[in-house]
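# how would this look folded up:
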Amino acid sequence: MMRRGSAPQPTPAELEILQALWARGPSTVRQVQEALARNPPIRYTTVLKLLQIMTEKGLVSRDERERTHVYRAAVNERATKKRMVVDLLDRAFEGSSLGLVQQALSARPARPEELRELRKLLDRMTREEP
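Presented below is the predicted three-dimensional model:
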C-alpha cells in the first residue's frame, strides 16, 4: 500500500481510466471499458491489465467480495490534477504560473464563460493578497 500523497503520476491511459472512475464511481472492468469511448475500442483484457497495474501502484482499489471485481479510484481527483499541474509548471515553465496560463490560452483560446470565471478568480485572488 502506498503512503498518503505518494501515489505516482498516472500515465495517459491510467488518467483516462481514473477520469472514468471519478465520473462513474465504483465500476467493473466492463463498465470502465464501456466508459472509454475510443475508436477502435480498447480491449477488455487491456483495461483489466491496466487496472491491475493501477491497483499495484495505489491509484485504484479493488473490491473482491463479489465474483465481478469492482474498482474505485484510490486517489483524489483534485489532488491528482494539482500534482500533475505542479509537475508541468516545474518541468516546462520553470515554476511560472503566468507562463503556463499564457501558453494554455494561446494554444486553445478560452470560451467567453471561461474568461468570465478567470476574471472572477483573479479578482478574488487580488482581494486576498496581503
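
# Can you name the helix or strand that the residue nearest to residue 69 when sequence neighbours are not counted falls in?
Spatial nearest neighbour of residue 69, chain neighbours left out: residue 62 (5.1 Å); criterion: CB to CB, 6 or more residues apart in numbering. Yep, even glycine has a C-beta here, placed from its N, CA and C like the rest. Using DSSP states H and E, residue 62 sits within strand 60-63.

# and the helix or strand just after that strand, which residues are buried?
Sequence-wise, the next helix or strand downstream of strand 60-63 (DSSP H and E) is strand 70-73. The neighbour-count criterion (16 or more other CB atoms under 10 Å) identifies 70-71, 73 as the buried residues of strand 70-73.

# Mind listing what's buried along the helix or strand just after strand 70-73?
Following strand 70-73 in sequence order, the next helix or strand is helix 77-93 (DSSP H and E). By neighbour count with 16+ other CB under 10 Å, helix 77-93 contains the buried residues 80, 83.

# Just the angle for the next helix or strand after helix 77-93 relative to helix 77-93, thanks.
Remark: after helix 77-93, the chain's next helix or strand is helix 97-107, criterion DSSP H and E. Here helix 97-107 runs at an angle of 90 degrees relative to helix 77-93 (axes from the mean of the first three to the mean of the last three CA atoms, to 10 degrees).

# What average pLDDT does the next helix or strand after helix 97-107 get?
For helix 97-107, the succeeding helix or strand toward the C-terminus, using DSSP H and E, is helix 112-128. Average pLDDT, helix 112-128: 92.
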